[in-house]
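Chemist: can't give you the sequence, but here's the structure:
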């Protein structure tokens with residue numbers, strides 16, 4: 001049994017953290033033992049503690065907010081390695097992977113990292129990432145993109161995120177969400193779920209909603225997730241989403257739910273998921289929605305086409321095209337037969353390729369082969 005240290009840059013709970021938590025739950029004290037190295041506070045810490053994962057405080061910045069030196073980082077990591085007799089250190093994000101890769105040659109054990117983003121990297125970032133014994137991409141699209149930037153092909157392996165198919169499964173709506181929002185039973189709910197940011201393009205969903213306004217006056221839109229970036233452009237992007245609904249006379253039909261820990265329950269209360277991302281390595285919300293048999297309209301970017309197939313398990317459109325989103329949402333809203341066919345096939349696809357048990361086993365085997 002390997003003892004693995006998992007490194008987290010932040011203690012937030014986004015898709016990458018949810019994915020590793022699902023794997024930990026499957027593997028913990030069966031095939032792997034884990035120690036988390038993470039900031040001392042945040043929702044991630046609470047989830048790790050609930051799974052009885054040991055937690056060590058990882059300090060990446062000084063009190064003044066500056067990044068600590070490599071010397072100080074190495075000292076922290078060596079102490080944890082010695083204390084817990086770790087066999088491997090694994091970074092859970094591309095950024096954390098670069099940080100760890102920069103010091104891995106000074107550590108007594110091998111290292112690996114997840115690559116959960118599709119983004120341009122500098123030569124120095126590629127150099128640092130290539131120091132790891134293994135690089136784990138969440139989709140073939142992610143793997144191919146980064147190999148094209150210079151990552152060593154012999155060290156990059158695709159390992160899909162997995163879903164607990166008992167937890168994420170279809171069940172009848174209870175009406176609880178509509179009651180929470182003070183909505184009548186006959187309205188229909190469309191949700192876009194994920195971190196509010198330019199990459200997720202919730203603004204395109206807002207534009208599509210405005211186009212659907214008069215055709216579907218019973219349609220309400222849920223915006224589930226938070227904005228983490230404090231950059232002015234991100235704030236303006238977030239504000240424009242609300243403004244678009246208000247300009248269309250739909251201010252009362254946009255419901256911002258913020259961060260929610262009950263995504264599974266929400267999925268069983270809604271009619272559609274719309275995912276307008278402009279870059280998506282492997283959207284976890286798409287896996288969860290498909291497993292719950294929620295009909296999906298999504299953009300065909302990144303790893304999305306490894307999860308869903310247009311006209312077979314979802315309706316896929318080009319990115320940055322709100323009119324196409326509106327058109328496909330209208331198709332689904334006017335055909336219950338199409339909804340049922342796509343949703344049923346989507347769950348079958350998840351069962352075949354994204355079950356947490358088999359995918360966690362593959363991750364465990366990848367770690368086991370690192371020496």
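Modeler: Looks like it arrived, so ask away. Predicted model, so just to flag it, every value in this text is computed and none were measured.

Chemist: Under the pLDDT cut-off, which ranges of the chain? List them.
Modeler: 29-30 (pLDDT under 70).

Chemist: burial count for residue 95?
Modeler: By other CB atoms under 10 Å, the residues close to residue 95 number 16. Bear in mind the C-beta positions are built from the backbone N, C-alpha and C, glycine included.

Chemist: Looking at the record's assignment, how would you partition the chain?
Modeler: Listed domain ranges for the chain are 2-162+355-368, 176-353 (source: automatic domain parsing).

Chemist: now for those domains, which one comes closest to residue 168?
Modeler: Closest to residue 168 of the domains of the chain is domain 176-353 (CB to CB; 3.8 Å).

Chemist: Report how far apart the opening and closing residues of that closest one are.
Modeler: 32 Å (CA to CA, to the nearest Å).

Chemist: Kindly report the same for stretch 87-105.
Modeler: Stretch 87-105: ends 15 Å apart by CA to CA.

Chemist: Could you check it and say which residues are buried?
Modeler: Buried residues in stretch 87-105, defined by neighbour count with 16 or more other CB atoms under 10 Å: 87-104.

Chemist: mind checking how far the nearest residue to residue 39 once chain neighbours are set aside is from residue 147?
Modeler: Distances taken as CB to CB, 6 or more residues apart in numbering place residue 11 nearest to residue 39, at 4.4 Å, with adjacent residues excluded. Distance of residue 11 to residue 147, given as CB to CB, to the nearest Å: 31 Å.

Chemist: what's next to whichever strand or helix holds residue 17, contact-wise?
Modeler: In this assignment (DSSP states H and E), residue 17 forms part of helix 15-27. Applying CB atoms under 8 Å, 6 or more residues apart in numbering, the contact partners of helix 15-27 are 6, 8, 34, 44, 47-48, 51, 53, 92-93, 114, 116, 138, 161-164, 194, 283-285, 356-357, 359-360, 363-364.

Chemist: next SSE after that helix?
Modeler: strand 32-38.

Chemist: Return the list of helices and strands in contact with that next one.
Modeler: strand 2-7, helix 43-50, strand 54-57, helix 70-84 (3 or more CB pairs under 8 Å, 6 or more residues apart in numbering; DSSP states H and E).

Chemist: quick one, strands of the stretch 151-300 of the chain?
Modeler: Taking DSSP state E, counting those that start in this stretch as the criterion, the stretch 151-300 of the chain carries its strands at 156-158, 188-193, 219-224, 254-258, 272-275, 296-299.
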